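Novice: quick one, fold the following:
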Amino acid sequence: MILTIDVGNTRIKAAVFEVDTILEVFVFDKKELKKKITFILKKYEKCDYLVVSSVTEIEKQSFLIFENEIKVHFVSHNDQFPFINSYETPKTLGIDRMVLASGAVLKYPKQNRLIIDAGTCITYDYINDQDHYLGGAISPGIQLRYKALHEYTSKLPSLELSEPNSYIGSSTTSSIHSGVVNGLVYEIKGFIEEYSQNNLNFIIILTGGDTVFLAKRLKNTIFANSNFLLESLNQTFQYKIKND
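Specialist: Sure, this is the predicted structure:
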């Protein structure tokens, strides 16, 4: 068994895998890290590896304290990945984006792939059918857009995510919801259309915390999977073991 841990900007997601099958998914705050890992390892005593991907400066010692119970691996730029990194600044490419690219290559071979990760930030990652990672885009996620409108203006209210009733906002509140949600949807559709026009044999993978909310608003043929990063972590680590 493999326990994968994704340390994001706002929360931690974890999953226990038996080969390629997810047995259970856990979502928790960073302050609960030790308690939750202790609970998971007690529940799944046959876990052999703890595989960590982090986009934050979380202390490695928080995981290394479990070394007596399980082998710990931190995914890094030095790992083997099943694609050629053609990013102009490869060392600045986020580990989460590299893991997603790896998962896309391993799960959808010989295709042009666009991965859209809708979390704190929206990341777009493109890997062509020759397994070259070429880059993509980064923009603010839904919550960041709401937060920016409130914190960088003097009068706009702080709002939580809500489904717009119309494209035409009839109040300040409904205008913000329309601008944030519809604006992001148009952005995503625009990227998808641009990539689709220039690539044949093309697939789109939508993942991240806002997957379910966004998937129903996108009419394009997409593979929506909120656990794709966790699955990609598992696949990437298995790829590493086979190729070391």
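
Novice: rest of the way, CA atoms for contacts and neighbours
Specialist: Noted.

Novice: residue contacts, residue 104?
Specialist: Residue 104 makes contacts with 113, 115, 232, as judged by Cα atoms under 8 Å, 6 or more residues apart in numbering.

Novice: same list (those) but as CSV, adding pLDDT, secondary structure and neighbour count.
Specialist: What follows is these, written out as CSV (pLDDT from 0 to 100; DSSP: H, G, I helix; E, B strand; the rest coil; neighbours: other Cα atoms under 10 Å):
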residue, pLDDT, secondary structure, neighbour count
113, 96, strand, 26
115, 97, strand, 24
232, 96, helix, 24
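
Novice: hmm, who's touching the helix or strand bottoming out on mean pLDDT in the chain?
Specialist: Here the helix or strand of the chain ranked lowest by mean pLDDT, DSSP states H and E is helix 61-64, holding a mean of 86. Residues outside helix 61-64 that contact it (Cα under 8 Å, 6+ apart) are 33-34, 72.

Novice: can you tell me which of the contacts of residue 104 is nearest residue 143?
Specialist: Nearest to residue 143, judged by Cα to Cα, of those is residue 115 at 19.8 Å.

Novice: is it true that residue 212 lies in a helix?
Specialist: Yes. Assessed with DSSP: H, G, I helix; E, B strand; the rest coil, residue 212 lies in a helix.

Novice: and it, what does it touch?
Specialist: When contacts are counted by Cα under 8 Å, 6+ apart, residue 212 is found next to 224, 226.

Novice: still on that earlier bit, how about the contacts of residue 104 in a markdown table, adding distance to residue 191?
Specialist: What follows is the contacts of residue 104, written out as a markdown table (distance: Cα to Cα, whole Å):
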| residue | distance to residue 191 |
| --- | --- |
| 113 | 12 |
| 115 | 11 |
| 232 | 23 |
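
Novice: do you have the helices of this structure handy? List them.
Specialist: 33-43, 61-64, 95-107, 142-151, 172-177, 183-198, 211-215, 228-243 (DSSP state H).

Novice: quick check: domain ranges of this structure?
Specialist: Domain ranges of the chain: 2-74, 84-233, per automatic domain parsing.

Novice: straight-line length of the last one, end to end?
Specialist: So the one you mean is domain 84-233. 18 Å (Cα to Cα, to the nearest Å).

Novice: off-centre distance for that domain?
Specialist: What separates the centre of domain 84-233 from the centre of its chain is 9 Å, taken as Cα atoms, centre = their mean, to the nearest Å.

Novice: please apply the same query to the first one.
Specialist: Centroid separation between domain 2-74 and its chain, computed with Cα atoms, centre = their mean, is 16 Å.

Novice: quick revisit: could the domains of the chain go into CSV alongside distance to residue 244?
Specialist: Listed next are these as CSV, based on distance: least, Cα to Cα, whole Å:
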stretch, distance to residue 244
domain 2-74, 14
domain 84-233, 16
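
Novice: and those domains: which comes nearest residue 243?
Specialist: For those, the distance to residue 243 is smallest for domain 84-233, at 13.5 Å, taking Cα to Cα.

Novice: pLDDT below threshold where in this structure?
Specialist: Within the chain, the stretches with pLDDT under 70 are 220-221.

Novice: any idea how far the residue of the chain most remote from its centre is from residue 72?
Specialist: What lies farthest from the middle of the chain is residue 170; by Cα atoms, centre = their mean that is 34.0 Å. Per Cα to Cα, residue 170 is found 53 Å from residue 72.

Novice: can you name the residues bridging to residue 117?
Specialist: In this entry, residue 117 is beta-bridged to residue 123, residue 207, by DSSP bridges.
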